[in-house]
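**Student:** Sequence isn't available, so here's the structure alone:
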């Protein structure tokens with residue numbers, strides 16, 4: 001892909017209050033130009049991104065946060081998306097349970113708008129509020145099983161509140177959709193890793209400082225989250241490497 005490459009469309013979907021708009025606002029803070037698309041009544045954000053070397057793409061991030069899953073316009077908004085982020089809140093089991101319905105909507109939109117020049121849809125499961133480990137209600141195992149069972153392209157654990165891994169997830173997804181190989185080292189330049197959020201003696205009424213046992217448990221959960229991301233990135237790199245070798249053999 002050369003500089004000035006065609007724009008890619010990324011759509012965030014999921015239940016209300018899972019933090020879709022907050023995720024976008026966090027990414028906006030890293031340099032997006034805000035635009036308003038009156039023809040469909042949506043906010044979207046656009047940015048030219050340097051993925052690796054001189055590999056460029058323009059990412060359009062669509063905010064359909066105000067649309068319910070029953071909206072008649074949802075299919076139109078999701079059509080033609082190169083990337084779909086299925087968002088849920090790790091502290092809200094209902095938001096995770098409903099991800100299945102959002103996935104069905106995304107795939108139905110892709111099927112309806114399928115054509116010779118339609119982009120391939122890449123779908124990622126995005127767990128927001130990853131900093132709220134003490135209130136976690138959806139396990140890493142459940143997250144990973146959903147990704148594997150439904151044949152998604154990957155998954156991310158992010159925090160819109162503190163920016164943890166938000167920018168990295170956009171770059172990783174855009175690179176995969178663009179067919180650009182980015183290593184874990186490349187993506188590290190777009191990473192923001194911060195501490196977890198836990199109740200303290202000063203956190204409000206009834207707040208108590210976490211015990212050493214709770215600290216150890218929270219640290220273990222966070223380590224598992226990081227390991228899940230490392231496994232996902234290794235799988236992406238292995239897949240990209242395999243495709244590259246296959247192309248080489250085909251040429252020979």
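**Tutor:** Perfect, thanks for sending it. Just so we're clear, the structure is a prediction, and the values are computed from it rather than from any experiment. Residues are numbered from 1 along each chain as shown.

**Student:** Quick check: residue 70 vs residue 102, distance?
**Tutor:** Distance from residue 70 to residue 102, counting by C-beta to C-beta, to the nearest Å: 12 Å. (C-beta placed from N, C-alpha, C; glycine too.)

**Student:** remind me which residues of the chain are low pLDDT?
**Tutor:** When residues are selected by pLDDT under 70, those of the chain lie in 1-6, 30-43, 65-67, 188-252.

**Student:** So which of residue 70 and residue 102 has more stuff around it?
**Tutor:** Higher neighbour count among residue 70 and residue 102: residue 102, with 22 against 8, using other C-beta atoms under 10 Å.

**Student:** For that one, list the residues it contacts.
**Tutor:** Shown in contact with residue 102 (C-beta atoms under 8 Å, 6 or more residues apart in numbering): 13, 14, 15, 69, 86.

**Student:** Pull the number of nearby residues for the nearest residue to the fourth one once chain neighbours are set aside.
**Tutor:** In this case it means residue 69. Among residues not flanking residue 69 along the chain, residue 101 sits closest, at 5.8 Å (C-beta to C-beta, 6 or more residues apart in numbering). Neighbour count for residue 101, taken as other C-beta under 10 Å: 15.

**Student:** if I read this right, residue 101 contacts residue 74, doesn't it?
**Tutor:** No. Contact between residue 101 and residue 74 fails when scored by C-beta atoms under 8 Å: they sit 11.0 Å apart.

**Student:** Could you grab the helix/strand/coil label for the residue nearest to residue 69?
**Tutor:** helix (DSSP: H, G, I helix; E, B strand; the rest coil).
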